[in-house]
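Pasting the sequence and the predicted model now:
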Amino acid sequence: MAVNWFASFKDVPWSKVIGMAPTIVENGKKLWDKVSSRTGGDGSGETTRSAAQLPVPAAIAAFELRLEALEKKSAQLREEAVASFDVVRSITDQHSQLQLYMEGPDDKVVDFIRVERFSKPAAIPRLYEGDEAVGYLGGRELSELLLAEERATEMALAKKGRMNSTIVLDSISPQAIGQILFMFEIETVFAAGLYRVNPFDQPGVEKGKRLTYGMMGRPGYRKEKQEVLAMQRKKKERFVL
């Protein structure tokens with residue numbers, strides 16, 4: 001069991017422990033006297049149990065198990081808190097993005113990805129049944145709510161005259177994800193053609209590569225080397241470039 005003893009020791013109120021030390025020692029003596037009187041008077045002889053046979057080691061083992069369980073529970077609560085924060089943050093991002101798509105510049109096409117079949121059911125708990133704002137959701141499936149929100153957002157954008165498309169996946173699988181990524185790659189190529197942009201070159205990155213080749217003396221890049229040398233001669237000492 002991996003126990004962070006150093007962190008645990010820092011949380012111990014040592015001033016109280018030291019102050020109670022005499023009482024602890026005295027009670028320990030009384031416990032020993034009581035146990036030894038049952039097994040042989042002075043604690044010696046064949047009927048006397050060793051210290052390892054006393055309840056103390058078992059108590060320590062039980063304490064360690066309890067501590068391990070608390071550590072696991074603490075880790076679980078932390079993961080749930082982080083997950084909840086991520087959900088809240090994603091909802092906030094979705095809200096701000098939707099506001100941009102609805103009221104901002106009309107220069108975007110919104111793609112919805114709808115999943116028809118969820119791998120695991122997740123029922124919304126029947127909480128706050130007296131609150132008409134949220135109580136009606138109790139007992140419904142979370143997937144049902146997500147699909148309703150997607151369709152409502154799709155309709156709101158359409159009524160606003162904002163272009164959008166919906167891609168329907170039967171379920172989330174490696175094959176489906178691979179297909180949709182490949183589709184977006186092809187879509188990028190066609191969009192570049194409409195904008196008269198070459199999607200297969202990279203002039204910004206390529207320029208840096210060519211200058212590097214020239215600095216390192218690669219054959220065929222003498223011009224780039226001269227360009228770098230000329231730039232360095234004009235560089236001011238107080239500037240990096």
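Arrived safely, thanks for sending.

only C-alpha atoms for contact and neighbour calcs from this point on.
OK.

can you pull out the helices in this protein?
5-10, 14-19, 21-39, 55-103, 142-159, 174-194, 203-215, 222-234 (DSSP state H).

what sits against T166?
For T166, the contact set (C-alpha atoms under 8 Å, 6 or more residues apart in numbering) comprises 111-114.

Only the buried members of these: can you turn that into a PyMOL selection?
PyMOL command restricting these to the buried ones, with burial defined by 16 or more other C-alpha atoms under 10 Å:
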select buried, resi 114
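
any chance of the contacts of T166 in a markdown table, with pLDDT too?
Listed next are these as a markdown table, based on pLDDT from 0 to 100:
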| residue | pLDDT |
| --- | --- |
| D111 | 90 |
| F112 | 91 |
| I113 | 90 |
| R114 | 90 |
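
For the contacts of T166, give me a markdown table that also has distance to G217.
Putting the contacts of T166 into a markdown table (distance: C-alpha to C-alpha, whole Å) gives the following:
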| residue | distance to G217 |
| --- | --- |
| D111 | 48 |
| F112 | 50 |
| I113 | 50 |
| R114 | 53 |
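
and which of the contacts of T166 is nearest G139?
Nearest to G139 among those: R114, at 22.0 Å, using C-alpha to C-alpha.

For A158, see how far away the closest residue to the closest one other than its chain neighbours is.
Spatial nearest neighbour of R114, excluding adjacent residues (C-alpha to C-alpha, 6 or more residues apart in numbering): V168 at 4.8 Å. Distance of V168 to A158, given as C-alpha to C-alpha, to the nearest Å: 17 Å.

Looking only at neighbour counts, state which of the two leads.
A158 (14 against 11; other C-alpha atoms under 10 Å).

Now do the same contact list for that one.
Neighbouring residues of A158 by C-alpha under 8 Å, 6+ apart: N164.

Would you mind identifying the helix or strand in this protein with the lowest mean pLDDT?
helix 5-10 (a mean of 49; mean pLDDT, DSSP states H and E).

which ones are touching the nearest residue to I167 once chain neighbours are set aside?
Among residues not flanking I167 along the chain, I113 sits closest, at 4.8 Å (C-alpha to C-alpha, 6+ apart). Applying C-alpha under 8 Å, 6+ apart to I113 gives the contacts 166-169.

Let's have the residues you listed in TSV, adding pLDDT.
Compiled in TSV, the contacts of I113 are given as follows (pLDDT from 0 to 100):
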residue	pLDDT
T166	92
I167	91
V168	91
L169	89
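
what about the residue lying closest to L169 once chain neighbours are set aside, how many residues close to it?
The spatial neighbour of L169 that comes closest, neighbours along the chain excluded (C-alpha to C-alpha, 6+ apart), is V115 at 4.8 Å. Using other C-alpha under 10 Å, V115 has 15 neighbouring residues.
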